[in-house]
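Trainee: no sequence for this one, just the structure:
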């Protein structure tokens, strides 16, 4: 550009053809990033690049901006696009996200309400998910940033059920009690804290073979009632954060029905076994009996961040917990202010981006069967990793692989302290060398290597190469 075509008295390009050319260059760079992910592992951000992110007073043209993004942004990603990324539980992103992202950017939809296409698309995505989870027809839902936000929304609806005047009078002196298994995700504690219930009122029940002890649960509920507490919420796990374990969801649903508790299922990633092959599909049997489910599309459905969902079986209870229509948000029978429902009545956000577009695009481009096959393959890869670990006498599994998470130690023959130090060092070294990304967790006080398979790009060769790299570093250590 001989002149700064982006600079004018307004914010739109002066020279649209020039802008079109640079946007195409950005598109090509983006496709290269996707096509070459295996050659682009995580890398540390150089100090000069960090300093270059400082916001400047003056603007630049599109050509300079594309160049800077290509050199200063694309290389320094979080690693989760790479085929050997199994750290934490992060989705890998899809090529369809690029197409959806372009459409979403130019539409710039606010899906809080009103009558436009994005809201109808969100309703379709919610209804498809409701059906896959086995929840009753008419169940409600809203797309959110992620499971942490979904959990807050579900817990508020649960709280309102036992305290109908809550929105006007507050919780008062009521001492609400919630129940979950040991190892439940921190989102549960954080939601209880944010809502003013307090994490001290969360009872963590012992696990038997990775599941809540139902007898201990019933006994604890009885003790809390006798002490003047108000039990209101039971949280089940569909894919525990550390080991990928599943509660007996049918058993929890029976307890919830007997004790008049709201059953919530944390299905952040594990809920998606509902579309996997057997035996993995059976892990989440009973999830459709929940009063609410929190899950993410940006984890085990691979779509780009951020994209979560809360499903609530009782639509009236869901709406009652959040609906508020001041005069400036009044609906109309016709025109743009029409349409029903308005999603701002079902959650925290009034202004909301079009999260449904990337889900709908992925489902339409790939089809449910392809996504289900990728989920099943992730479980198979986790089982393969476990087999490879067991084939190496120096290594050891922390627990049998249940779903898509494999946790192990590189040297089972060392003391717990030595294992912890070695496993931590191996995780960091492999990340820095760009060979593989494991996270770590603690099992019985020992820091272990943890692989969470939510990556559709991983293959058998990646598993074997990564374990060979672990073994090599363990031998040196």
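Mentor: Looks like it arrived, so ask away. Everything quoted here is computed from the prediction, not taken from an experiment.
Trainee: can you map out the helices along the stretch 201-350 of the chain?
Mentor: Assigned by DSSP state H, counting those that start in this stretch, the stretch 201-350 of the chain shows helices spanning 214-226, 249-259, 315-322.
Trainee: where does pLDDT dip in the stretch 351-477 of the chain?
Mentor: Counting by pLDDT under 70, the low-confidence segments of the stretch 351-477 of the chain come to 477.
Trainee: domain parsing for the chain?
Mentor: The record's domain split for the chain, according to automatic domain parsing, is 16-77, 109-366, 369-476.
Trainee: hang on, the earlier thing: mind putting the helices of the stretch 201-350 of the chain in CSV, mean neighbour count, distance to residue 420 and mean pLDDT included?
Mentor: Where you see a C-beta, it was placed from the backbone N, CA and C, and this is true even at glycine. Formatted as CSV, these follow (neighbours: other CB atoms under 10 Å; distance: least, CB to CB, whole Å; pLDDT from 0 to 100):
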stretch, mean neighbour count, distance to residue 420, mean pLDDT
helix 214-226, 15, 30, 98
helix 249-259, 18, 33, 98
helix 315-322, 18, 43, 96
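Trainee: make a markdown table from those and add distance to residue 164 to it.
Mentor: Shown next, in a markdown table, are those (distance: least, CB to CB, whole Å):
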| stretch | distance to residue 164 |
| --- | --- |
| helix 214-226 | 20 |
| helix 249-259 | 19 |
| helix 315-322 | 8 |
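Trainee: out of those, the one nearest residue 22 is which?
Mentor: Minimum separation from residue 22 across those (CB to CB) falls at helix 315-322, 42.3 Å.
Trainee: show me what that closest one is packed up against.
Mentor: Under the contact criterion of 3 or more CB pairs under 8 Å, 6 or more residues apart in numbering; DSSP states H and E, helix 315-322 touches strand 140-144, helix 147-162.
Trainee: try 10 Å
Mentor: With contacts defined as 3 or more CB pairs under 10 Å, 6 or more residues apart in numbering; DSSP states H and E, the packing partners of helix 315-322 are strand 140-144, helix 147-162, helix 166-169, strand 308-312.
Trainee: dump the ones you listed to JSON lines, plus mean neighbour count.
Mentor: As requested, the helices and strands packed on helix 315-322 are arranged in JSON lines below (neighbours: other CB atoms under 10 Å):
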{"stretch": "strand 140-144", "mean neighbour count": "26"}
{"stretch": "helix 147-162", "mean neighbour count": "23"}
{"stretch": "helix 166-169", "mean neighbour count": "12"}
{"stretch": "strand 308-312", "mean neighbour count": "27"}
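Trainee: worst average pLDDT in these?
Mentor: Per-stretch mean pLDDT for the helices and strands packed on helix 315-322 is lowest at helix 166-169 (a mean of 94).
Trainee: pull the distance from it to the chain's centre.
Mentor: Distance of helix 166-169 from the chain centroid (CA atoms, centre = their mean, to the nearest Å) equals 31 Å.
Trainee: now the element after it, going C-ward?
Mentor: Per DSSP states H and E, the first helix or strand lying C-terminal to helix 166-169 is strand 176-181.
Trainee: among the helices and strands packed on helix 315-322, which comes closest to residue 223?
Mentor: For the helices and strands packed on helix 315-322, proximity to residue 223 was assessed by CB to CB; helix 147-162 is nearest, at 18.4 Å.
Trainee: roughly how far apart are residue 284 and residue 363?
Mentor: Here the criterion is CB to CB, to the nearest Å. By it, residue 284 lies 19 Å from residue 363.
Trainee: same check on residue 376?
Mentor: Counting by CB to CB, the separation of residue 376 from residue 363 is 17 Å.
Trainee: picking that back up, so which of the helices and strands packed on helix 315-322 is nearest residue 243?
Mentor: With CB to CB as the criterion, residue 243 lies closest to helix 147-162 of the helices and strands packed on helix 315-322, at 17.6 Å.
Trainee: coming back round to it: can you put the helices and strands packed on helix 315-322 in a markdown table and add distance to residue 98?
Mentor: Shown next, in a markdown table, are the helices and strands packed on helix 315-322 (distance: least, CB to CB, whole Å):
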| stretch | distance to residue 98 |
| --- | --- |
| strand 140-144 | 20 |
| helix 147-162 | 25 |
| helix 166-169 | 42 |
| strand 308-312 | 21 |
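Trainee: with respect to residue 428, which of those lies nearest?
Mentor: That would be helix 147-162 among those, by CB to CB, at 26.4 Å.
Trainee: how would you label residue 420: helix, strand or coil?
Mentor: Counting by DSSP: H, G, I helix; E, B strand; the rest coil, the backbone at residue 420 sits in helix.
Trainee: residue 345 contacts residue 352, doesn't it?
Mentor: No: proximity of residue 345 to residue 352 does not meet the contact threshold set by CB atoms under 10 Å, at 11.7 Å.
Trainee: next, show the common contact partners of these two.
Mentor: Overlap of the contact sets of residue 345 and residue 352 (by CB atoms under 10 Å, 6 or more residues apart in numbering) consists of 112, 113, 142.
Trainee: separation between the second one and residue 352?
Mentor: To tie it back to what came earlier, the one meant is residue 113. According to CB to CB, residue 113 and residue 352 sit 9 Å apart.
Trainee: same question for residue 197.
Mentor: Applying CB to CB, the value for residue 197 to residue 352 is 26 Å.
Trainee: and for residue 205?
Mentor: From residue 205 across to residue 352, the span is 35 Å (CB to CB).
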